[in-house]
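Trainee: Quick one: sequence plus predicted model below, questions after.
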Amino acid sequence: MGLVVQKYGGSSVADAEGIKRVAKRIVDAKKNGHQVVVVVSAMGDTTDELIDLAEQVSPIPAGREFDMLLTAGERISMALLAMAIKNLGHEAQSFTGSQAGVITDSVHNKARIIDVTPGRIRTSVDEGNIAIVAGFQGVSQDKKDITTLGRGGSDTTAVALAAALDADVCEIYTDVDGVFTADPRVVKKARKIDWISFEDMLELASSGSKVLLHRCVEYARRYNIPIHVRSSFSGLQGTWVSNEPIQQGDQKVEQAIISGVAHDTSEAKITVVGVPDKPGEAAVIFRAIANAEINIDMVVQNVSAASTGLTDISFTLPKTEGRKAIDALEKAKTAIGFESLRYDDQIGKISLVGAGMKTNPGVTAGFFEALSDAGVNIELISTSEIRISVVTRADDVNEAVRAVHSAFGLDSDSDEAVVYGGTGR
């Protein structure tokens with residue numbers, strides 16, 4: 001008997017029929033001898049609807065009350081799922097994030113988990129119950145306020161619980177059959193990956209792949225919790241994310257040279273024009289951004305003009321943080337001494353990810369040749385040992401992804417990628 005943590009996204013529990021289908025899958029795992037803990041998201045588009053409702057009432061909702069509102073979605077789905085399981089003849093108990101012992105910092109709307117003390121969950125499963133936990137939420141350590149972990153936070157809740165309970169595996173159920181070599185909504189011939197390392201999955205998630213949240217993968221790597229990404233709409237084997245390759249028969253699945261192509265159209269680009277090219281200027285710019293609690297992604301500094309001694313610094317960040325970043329830089333204009341700011345939210349990022357690329361010459365050349373052949377212009381470039389990322393026009397992203405995917409032989413022989421639901425989460 002092992003302990004399994006299962007997470008079901010909003011598309012899996014979008015309606016009553018979906019909840020009943022998920023309940024049957026959970027009961028089947030229980031019948032197979034496992035102790036089962038389930039983390040569940042809000043039903044379908046409930047969270048988006050609650051956000052819209054809040055904005056109709058208040059243009060800038062107070063963080064504490066906003067979190068209190070948003071956590072209602074998961075509480076609805078956890079209670080309904082527990083009812084559906086009981087209707088199948090098995091005992092289930094539902095728990096909010098705070099009842100499950102998910103302790104966070106006090107940053108509303110994007111809290112981070114500090115600790116998990118799952119005493120009530122452990123007691124519940126030891127008594128033979130199936131424990132149903134509301135994802136995406138916790139309780140602040142200092143003020144005991146309800147907090148939320150940010151969009152997709154149910155993934156992180158599931159892995160954190162799996163680590164705290166010393167689970168054998170964390171199963172992430174979604175509306176696709178696993179992790180694919182590209183987004184199946186963009187590349188119809190995307191191929192399912194049988195196994196991928198934590199490092200490659202982290203790069204894909206950070207580069208825009210929506211099937212797993214990067215914070216959840218970080219947590220899993222830190223505590224060495226294997227993740228099995230699979231569909232709640234089929235019984236197919238999914239994708240294993242772990243340190244060690246999975247075993248298929250007598251052979252281990254080998255690491256591919258290229259794991260996949262990811263894209264992201266949720267970022268914007270800010271260019272700080274006319275920055276004095278002297279030590280400390282970049283530090284002042286990025287300290288202003290950091291003080292505004294904004295995460296940045298790619299950074300590029302141009303060569304300074306010899307005649308003026310001025311340079312330009314460009315960086316990318318989430319579109320949702322664009323206005324805040326501009327305001328922070330304007331306040332620091334005197335200290336920095338730049339000439340002007342340019343803001344561009346019509347960009348997209350394409351990333352090629354694979355641990356094998358660092359030992360295979362020609363990957364970089366092949367990547368840029370594919371983009372060139374597709375007529376895609378490159379604005380920014382960023383690399384790591386296992387990733388190459390470029391920024392292009394947003395309109396070029398889909399064509400660029402398909403071109404790179406084909407150039408590296410990642411296309412499957414058939415349209416293998418099936419999207420059962422709507423969001424990929």
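Mentor: The structure has been received and is ready for your questions. Numbering: from 1, shown residues only.
Trainee: Show me the strands in the stretch 51-200 of the chain, by range?
Mentor: Ranges of strands in the stretch 51-200 of the chain, per DSSP state E, counting those that start in this stretch, are 92-95, 102-104, 113-116, 130-134, 137-140, 146-148, 169-174, 195-197.
Trainee: Rebuild the ones you listed as TSV, extending it with mean pLDDT.
Mentor: Shown next, in TSV, are the strands of the stretch 51-200 of the chain (pLDDT from 0 to 100):
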stretch	mean pLDDT
strand 92-95	97
strand 102-104	97
strand 113-116	95
strand 130-134	98
strand 137-140	96
strand 146-148	96
strand 169-174	94
strand 195-197	92
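Trainee: who wins for proximity to residue 283 among those strands?
Mentor: Across these, residue 283 has its closest neighbour in strand 113-116 (29.3 Å, CB to CB). Every C-beta, even on glycine, is put in place using the N, C-alpha and C of the backbone.
Trainee: just checking, what packs against that closest one?
Mentor: The helices and strands touching strand 113-116, judged by 3 or more CB pairs under 8 Å, 6 or more residues apart in numbering; DSSP states H and E, are strand 102-104, helix 153-164.
Trainee: From residue 155, how far out is residue 213?
Mentor: 4 Å (CB to CB, to the nearest Å).
Trainee: which of the two has more neighbours?
Mentor: residue 155 (31 against 23; other CB atoms under 10 Å).
Trainee: Tell me the pLDDT of the nearest residue to that one once chain neighbours are set aside.
Mentor: Spatially, and ignoring its direct neighbours in sequence, residue 155 is nearest to residue 216 (3.7 Å; CB to CB, 6 or more residues apart in numbering). Predicted confidence (pLDDT) for residue 216: 92.
Trainee: what ranges of this protein fall below the confidence cut-off?
Mentor: 1, 246-256, 415-425 (pLDDT under 70).
Trainee: Repeat the analysis, applying 50 as the threshold.
Mentor: Scanning the chain with the threshold set as pLDDT under 50 gives 423-425.
Trainee: I'd like to know how far the most far-flung residue of it relative to its centre sits from residue 277.
Mentor: In the chain, residue 307 marks the outermost C-alpha relative to the chain mean, sitting 44.8 Å out by CA atoms, centre = their mean. Distance, residue 307 to residue 277, by CB to CB: 12 Å.
Trainee: which neighbours do the two share?
Mentor: Both residue 307 and residue 277 lack any common contact, where contact means CB atoms under 8 Å, 6 or more residues apart in numbering.
Trainee: before we move on, the earlier item: could you export the strands of the stretch 51-200 of the chain as CSV, including distance to residue 315 and mean neighbour count?
Mentor: Shown next, in CSV, are those (distance: least, CB to CB, whole Å; neighbours: other CB atoms under 10 Å):
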stretch, distance to residue 315, mean neighbour count
strand 92-95, 41, 22
strand 102-104, 28, 26
strand 113-116, 28, 17
strand 130-134, 36, 29
strand 137-140, 31, 25
strand 146-148, 27, 27
strand 169-174, 31, 26
strand 195-197, 28, 24
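Trainee: is it possible to export those to TSV including distance to residue 234?
Mentor: Output for the strands of the stretch 51-200 of the chain, formatted as TSV (distance: least, CB to CB, whole Å):
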stretch	distance to residue 234
strand 92-95	24
strand 102-104	30
strand 113-116	31
strand 130-134	22
strand 137-140	29
strand 146-148	30
strand 169-174	10
strand 195-197	19
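Trainee: What pairs with the host helix or strand of residue 315, parallel or antiparallel?
Mentor: Using DSSP states H and E, residue 315 sits within strand 310-318. Sheet pairing of strand 310-318 (DSSP bridges) gives strand 267-276 (antiparallel), strand 299-301 (antiparallel).
Trainee: May I see the ones you listed arranged in a markdown table, with distance to residue 102 and mean neighbour count as well?
Mentor: Converted to a markdown table, those look like this (distance: least, CB to CB, whole Å; neighbours: other CB under 10 Å):
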| stretch | distance to residue 102 | mean neighbour count |
| --- | --- | --- |
| strand 267-276 | 29 | 20 |
| strand 299-301 | 34 | 15 |
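Trainee: possible to save those strands as JSON lines with distance to residue 352?
Mentor: Listed next are those as JSON lines, based on distance: least, CB to CB, whole Å:
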{"stretch": "strand 267-276", "distance to residue 352": "17"}
{"stretch": "strand 299-301", "distance to residue 352": "18"}
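Trainee: Out of those strands, which gets nearest to residue 61?
Mentor: Of those, the one closest to residue 61 (CB to CB) turns out to be strand 267-276, at 22.9 Å.
Trainee: Show me what counts as buried in the very next helix or strand once past the closest one.
Mentor: Using DSSP H and E, the next helix or strand after strand 267-276 towards the C-terminus is helix 281-291. Residues of helix 281-291 classed as buried by neighbour count (16 or more other CB atoms under 10 Å): 281-282, 285, 288-289.
Trainee: Please work out which residues outside helix 281-291 touch it.
Mentor: Contacts of helix 281-291 (CB under 8 Å, 6+ apart): 272, 275, 296, 301, 313, 315, 317, 325, 328-329, 331-332, 335-338.
Trainee: Could you check the angle that helix makes with strand 310-318?
Mentor: 20 degrees (axes from the mean of the first three to the mean of the last three CA atoms, to 10 degrees).
Trainee: could you show me where the helices are in the stretch 301-425 of the chain, in order?
Mentor: Assigned by DSSP state H, counting those that start in this stretch, the stretch 301-425 of the chain shows helices spanning 322-331, 333-336, 363-373, 397-407.
Trainee: Would you mind finding the most buried of those helices?
Mentor: With neighbours taken as mean count of other CB atoms under 10 Å, those reach their highest mean count in helix 397-407, at a mean of 21.
Trainee: Give me the distance between that helix and the centre of its chain.
Mentor: Remark: helix 397-407 is offset 21 Å from the chain centroid, using CA atoms, centre = their mean, to the nearest Å.
Trainee: which secondary structure elements does it contact?
Mentor: Of the remaining helices and strands, those touching helix 397-407 by 3+ CB pairs under 8 Å, 6+ apart are strand 260-264, strand 347-353, helix 363-373.
Trainee: Tabulate the CA atom coordinates of the longest one in CSV.
Mentor: What follows is helix 363-373 as a C-alpha-only set of coordinates in CSV (Å, rounded to 0.1, in the frame of the first residue of the first chain):
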residue,chain,number,x,y,z
VAL,A,363,21.7,23.1,-32.3
THR,A,364,22.0,26.8,-32.1
ALA,A,365,22.6,27.2,-35.8
GLY,A,366,19.6,24.9,-36.6
PHE,A,367,17.4,26.9,-34.3
PHE,A,368,18.2,30.3,-36.0
GLU,A,369,18.1,28.8,-39.5
ALA,A,370,14.5,27.5,-38.8
LEU,A,371,13.4,30.9,-37.7
SER,A,372,15.1,32.5,-40.7
ASP,A,373,13.4,30.1,-43.1
